[in-house]
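Participant: coordinates only, no sequence provided:
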C-alpha cells in the first residue's frame, strides 16, 4: 500500500498532468479551426471536464495497489473541420504527449534554477512530476489503439499503410495493450515497463543531471 502523503501527491500530479494533456488536445484542435472540443466544454484546464468515472476509478485503484493505470476522457475532434485535416489532426494528437514533456521540462528547470526547490517536499514534488510526465508522454506514444501514438503513426504513414494500421489497431490494438498491461506482468513479462523505462530514465537523466 502506498504511503498516504505520497499517494495524495501522486494523485495531484497525475490528475493535473492528464488535465493539461487533454486540454492541449482540445486547445490545439480549437486553434486548427475545429470547434468540436469547445462545444463539449473541453477547452479548459478544469479537471472535472477531463475525466469519466471508470478511468478515474482505475487511476485511484491502480495507484493504491502500486501500479499507475487509468485514463482521461478522450477529447472529441472532427478533422474535417480543421484547415489541414490530415496534418492538423496529427499535430492535435501529438500535443497531448508534448504537453507532458513540457511539464517535465518546466519542473526540471525549476529544480535546477530555484534554490527553494532543491530540497525537501518541493524537490520530491518536482522529481515525481518529472517522472510521471515523462512516463505519460512515452506511454501515450506507444502505437497501440487508443493511445496517441497509434493516431500519430497512422497519420504519418502513406495513406494505404495508415488505413491498414488503423484497421489492425481497431481490431487488436486495445486487446494487445491490455494484455501487455494487465496479463503479461503476471507471468513475469512486464513488456510495457521494458519499453518505457529506457526512454523515461534517459530523458530523466538529461533533465535532472
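Facilitator: Happy to help now that I have it. Everything numeric here is computed off the predicted structure, so don't read it as measured data.

Participant: need the contact list for the residue positioned nearest the centre of the chain.
Facilitator: Centrality entry for the chain: nearest residue to the mean C-alpha point is residue 136, 3.9 Å, by CA atoms, centre = their mean. Taking CB atoms under 8 Å, 6 or more residues apart in numbering, we find residue 136 in contact with 17-18, 21, 97, 100. No exception for glycine: its C-beta is placed from N, CA and C like everyone else's.

Participant: for it, what is the enclosing helix or strand?
Facilitator: Residue 136 is located in helix 120-140, with elements delineated by DSSP states H and E.

Participant: kindly report the same for residue 199.
Facilitator: helix 191-208.

Participant: buried residues in that helix?
Facilitator: 192, 196, 200, 203-204, 207 (16 or more other CB atoms under 10 Å).

Participant: okay, these in CSV with pLDDT and distance to residue 25 next?
Facilitator: Output for those, formatted as CSV (pLDDT from 0 to 100; distance: CB to CB, whole Å):
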residue, pLDDT, distance to residue 25
192, 93, 22
196, 94, 21
200, 97, 21
203, 97, 21
204, 97, 25
207, 96, 23
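
Participant: so which strand or helix has the closest residue to residue 50 other than its chain neighbours?
Facilitator: Spatial nearest neighbour of residue 50, excluding adjacent residues (CB to CB, 6 or more residues apart in numbering): residue 22 at 4.1 Å. In the assignment (DSSP H and E), residue 22 maps to helix 4-31.

Participant: that helix: what's the following helix or strand?
Facilitator: helix 36-39.

Participant: ok, and what's touching that following helix?
Facilitator: With CB under 8 Å, 6+ apart, helix 36-39 has contacts from 25-27, 29-30, 43, 75-78, 81.
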